[in-house]
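Novice: sequence unknown, structure follows:
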């Protein structure tokens, strides 16, 4: 977390957002701090931090700061004869007025957002839907009214929170201007979910996901190949596919498991209680999951941990945020996976050392 003091303006920004939000230069707005659950054994993102809600007044204050800075830059652009266009001369002039902007990460983020059309916003941190529905609806309306250029507003959400919300409340939040949810499914296998302390069961994943879809949200569900280890890889793959089939989200995003030092699951791995899959075994698990899929989702590999390569060392999958449209691209994806399995078998035969990111 950092707090930027930008002349008369201030802005609080968290650390994390999905890769696709970086690709669209989303404005990062902090609605809550850290994670209200914070017990998942594989995650190290918020382990040293405490969760807290931000007030409506605080959030509106950040929105006002961003709007004020943008308006001031537009005024400078007008004075310089650029008809409101924020260019290098405008940026130099505003930095002269507020020298602290030169080292402000928040200012850089705002410039990227404005230069890309000020179209997308990501609400931080880990579960903005934990806010009371009335408060969330109020700040969403305020955000949209302040920046009419916004086309998409996105946030992380927990399946358990979606499960606990009424359909009517989710409908209201979506209509107020929250468009896309990023949900950490991780697994559809009950034993894996218990082991990683996800705090949700498969049927709750399904209910929450179906509610989100019915409310009109664009839904991204994330799953983690390898999370069940060699002990439960087959159940992990099959049951995850079955949960996803019941939800049929817009996006299925693949995030291969890698034990993060300092997390409880890393300690399990170090003690030999979790046997990590090799690259070839992860691909075999991925193949089974895809074979079991019966969805119209887009299957995406938009993260560096999707590091599998072919025999020439090239990445197997595109890291496009839009991925592969199912079911049309299902056979193509399976052929790509098969190519990767063959390449990894060849490396094993020649004694290459298994590498993980």
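Specialist: Right, received. Where do you want to start? Since the structure is predicted, the reported quantities are computational estimates derived from the model, not experimental observations.
Novice: quick one, strands of the stretch 151-300 of the chain?
Specialist: For the stretch 151-300 of the chain, the strands defined by DSSP state E, counting those that start in this stretch cover 152-157, 180-186, 218-223, 251-254, 298-300.
Novice: Can you tell me the closest non-neighbouring residue to the residue most central in space within the chain?
Specialist: Residue closest to the mean C-alpha point of the chain, counted by Cα atoms, centre = their mean, is residue 18 at 3.1 Å. Computed as Cβ to Cβ, 6 or more residues apart in numbering, the closest residue to residue 18 that is not its neighbour in sequence is residue 182, at 5.1 Å. Using the backbone N, CA and C atoms, a C-beta is placed for each residue, glycine as well.
Novice: For residue 273, find the nearest of the strands of the stretch 151-300 of the chain.
Specialist: Proximity to residue 273 (Cβ to Cβ) singles out strand 180-186 among these, at 18.1 Å.
Novice: gap between that closest one and the chain center?
Specialist: Chain-centre distance of strand 180-186: 7 Å, with Cα atoms, centre = their mean, to the nearest Å.
Novice: Listing partners with orientation, what would you give for that strand?
Specialist: The strands that strand 180-186 pairs with in its sheet are strand 152-157 (parallel), strand 218-223 (parallel) (by DSSP bridges).
Novice: mind checking which of the ones you listed is nearest residue 140?
Specialist: Across the strands paired with strand 180-186, residue 140 has its closest neighbour in strand 152-157 (6.9 Å, Cβ to Cβ).
Novice: Tell me which residues are up against the one helix or strand residue 111 maps to.
Specialist: For residue 111, the host element (DSSP states H and E) is helix 105-115. Here helix 105-115 makes contact (Cβ atoms under 8 Å, 6 or more residues apart in numbering) with 2, 4, 6, 11, 13, 25-28, 66, 69-70, 73, 86, 91, 101, 120.
Novice: Restricted to helices, list these.
Specialist: 66, 69, 70, 73, 91 (DSSP state H).
Novice: got a winner among those residues for most neighbours?
Specialist: When neighbours are counted by other Cβ atoms under 10 Å, residue 66 leads these with 25 neighbours.
Novice: ok, that residue - contacts?
Specialist: Residue 66 touches 9, 11, 27, 110, counting by Cβ under 8 Å, 6+ apart.
Novice: beta partners of residue 181?
Specialist: For residue 181, the beta-bridge partners under DSSP bridges are residue 155, residue 219.
Novice: give me the number of residues near it?
Specialist: Neighbours around residue 181, by other Cβ under 10 Å: 30.
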